[in-house]
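Chemist: Fold the following and give me the result.
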Amino acid sequence: MIGRVQRVIHLHPDAPVKPATRLPCNGCGVCCASEPCPIGALVSRRIDGACDALEWSDEEERYRCGLVAQPREHLPRTLAFAAPWIARQALRMISAGSGCDCTLEPVEPAD
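Modeler: Numbering: from 1, shown residues only. Next up is the predicted model:
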């Protein structure tokens, strides 16, 4: 496996299987569990590892972006007034509606 880097990310056991590149997002969480988007990096205060705004929805049985779904929950109180603007920017940052752009290919862990 020369030239390939492996990274361990932890996902909910009921998370959907990652769609192929360019297919619609299904909320698998692989992209955001591996690294935050630019606006997620501001909230998470890092550019590597899972985004702090990544949320699991039991009702939907999928991951979702907390900056889109509940921005006030992920922002400091001093920025609560900007929640609607942040939600719109988050939609742009995650490229909502344009299909999966995550090139990572998850594999099941060996026993």
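Chemist: For the protein, which segments count as strands?
Modeler: For the chain, strands defined by DSSP state E occupy the ranges 54-57, 62-65.
Chemist: and among those, the most buried is which?
Modeler: Most buried of the strands of the chain by mean neighbour count (mean count of other Cβ atoms under 10 Å) is strand 62-65; its value is a mean of 22. Placement of C-beta: from N, CA and C, glycine included.
Chemist: Need the strands of the chain in a markdown table (columns: distance to Cys102 and mean pLDDT).
Modeler: Shown next, in a markdown table, are the strands of the chain (distance: least, Cβ to Cβ, whole Å; pLDDT from 0 to 100):
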| stretch | distance to Cys102 | mean pLDDT |
| --- | --- | --- |
| strand 54-57 | 13 | 97 |
| strand 62-65 | 12 | 96 |
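Chemist: residues in contact with stretch 85-94?
Modeler: 31-32, 37-40, 53, 65, 67-68, 71, 75, 79 (Cβ atoms under 8 Å, 6 or more residues apart in numbering).
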